[in-house]
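Student: Here is my input; please provide its structure:
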Amino acid sequence: MEPEKVAFKQHYDLEASSYDLHRYACPCRRMISELQQEFVVHMLRDAERVLDAGCGTGRFTLPLARRGMQVVALDASRERLDVARGKATEAGVAHRIEFVLGDVENLDYGDGTFDGATSIAVLRHFPSPARGIAELARVVRPGGALVLDYLNWYVFRFYEPLRGLFVHQANVPNQHFFRNYYSTFGEIRDLMATNGVQVVQRRAVSKLPSHFLLCQLRLRFLAGLLRFLERTINFGAVVMVGGRKLSDSR
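Tutor: All right, here's what the predicted structure looks like:
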């Protein structure tokens, strides 16, 4: 396993039991996570069997299973899989989920195994998302859906100089010790197209303004407005992309 992947896995092994505490530590994170869950569930709504690659503690696995889908929840961290399994048991959906230790860039599944696949907050940690996108597209059947995310370079180029002002805040995103890699929509769209997947929808969310208004200034009455704006203004640092695999893809 590559050194960067080893560091990535070790970090999430160590923080598995506390991950949900900081993931949902403040209103902005809860709101953004709910919006991302809505997008993933909407794109995979017609699927029966789906792959959640890099499932973590089940942020997307559980909502998909609650919709009646059969979910393969794959992660490189055994500890995070254990947390996700416990949550699934508590939620009464464990019978719909298969928990698998694995690597998103080396999937042990045949071509077209799944009706849909998603991988969120994973490929951004690899120097290139090309290999991961190719593997995910390979295991999705023609006509199936693929849902990914990426960090928008055109936004982060302005955010990075300000990041030090917030890095000590426990509920600010992307403060882990491992590196994030940024992409453009054109790069992601072309990589998906190369693997026979046509982009049909995207949604960009912006954590920083929500964090500043809801958590720093505590203007909680703006939550409804911010949620509306996140759904209607397609510009932000984290971009969700949904695509369909073409029937004639090879």
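Student: element containing residue 89?
Tutor: Secondary structure assignment for residue 89, by DSSP states H and E: helix 78-91.
Student: can you list contacts of that helix?
Tutor: Helix 78-91 is contacted from outside by 12-14, 16-17, 19-20, 55-58, 61-62, 65-66, 73, 75, 94, 97, 99-101, using CB atoms under 8 Å, 6 or more residues apart in numbering. Glycine gets a C-beta too; all of them are placed from N, C-alpha and C.
Student: Now do the very next helix or strand once past it and helix 78-91, the angle between them.
Tutor: For helix 78-91, the following helix or strand on the C-terminal side (DSSP H and E) is strand 97-101. Angle of strand 97-101 versus helix 78-91, following axes from the mean of the first three to the mean of the last three CA atoms, to 10 degrees, is 170 degrees.
Student: C-alpha coordinates for stretch 209-224, CSV please?
Tutor: The C-alpha atoms that make up stretch 209-224 are tabulated as CSV, following Å, rounded to 0.1, in the frame of the first residue of the first chain:
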residue,chain,number,x,y,z
PRO,A,209,-19.9,31.0,4.9
SER,A,210,-22.2,28.6,6.7
HIS,A,211,-19.6,28.0,9.4
PHE,A,212,-19.0,31.7,9.8
LEU,A,213,-22.7,32.7,10.0
LEU,A,214,-24.1,29.7,11.9
CYS,A,215,-21.3,28.7,14.1
GLN,A,216,-19.0,31.7,14.6
LEU,A,217,-21.7,34.5,14.7
ARG,A,218,-24.4,32.0,16.0
LEU,A,219,-27.0,33.5,13.6
ARG,A,220,-29.1,30.3,13.7
PHE,A,221,-32.1,32.0,12.3
LEU,A,222,-30.3,32.1,9.0
ALA,A,223,-30.2,28.3,8.7
GLY,A,224,-33.3,28.0,6.5
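Student: List the buried residues of it.
Tutor: 210-211, 213-215, 222-223 (16 or more other CB atoms under 10 Å).
Student: Which phi and psi values does residue 31 adopt?
Tutor: Dihedral pair for residue 31: phi -60, psi -50, per degrees, to the nearest 10.
Student: Buried members of the contacts of helix 78-91 into PyMOL, please.
Tutor: This is how PyMOL selects the buried members of the contacts of helix 78-91, with burial counted by 16+ other CB under 10 Å:
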select buried, resi 12+16+19+20+55+56+57+58+61+62+65+73+75+94+97+99+100
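Student: Quick one: list the elements packing against the lengthiest strand in the chain.
Tutor: What stands out as the longest strand in the chain, according to DSSP state E, is strand 140-152. Strand 140-152 sits against helix 27-43, strand 114-119, helix 130-138, strand 182-183, helix 185-194, strand 197-205, strand 238-245, with contacts defined as 3 or more CB pairs under 8 Å, 6 or more residues apart in numbering; DSSP states H and E.
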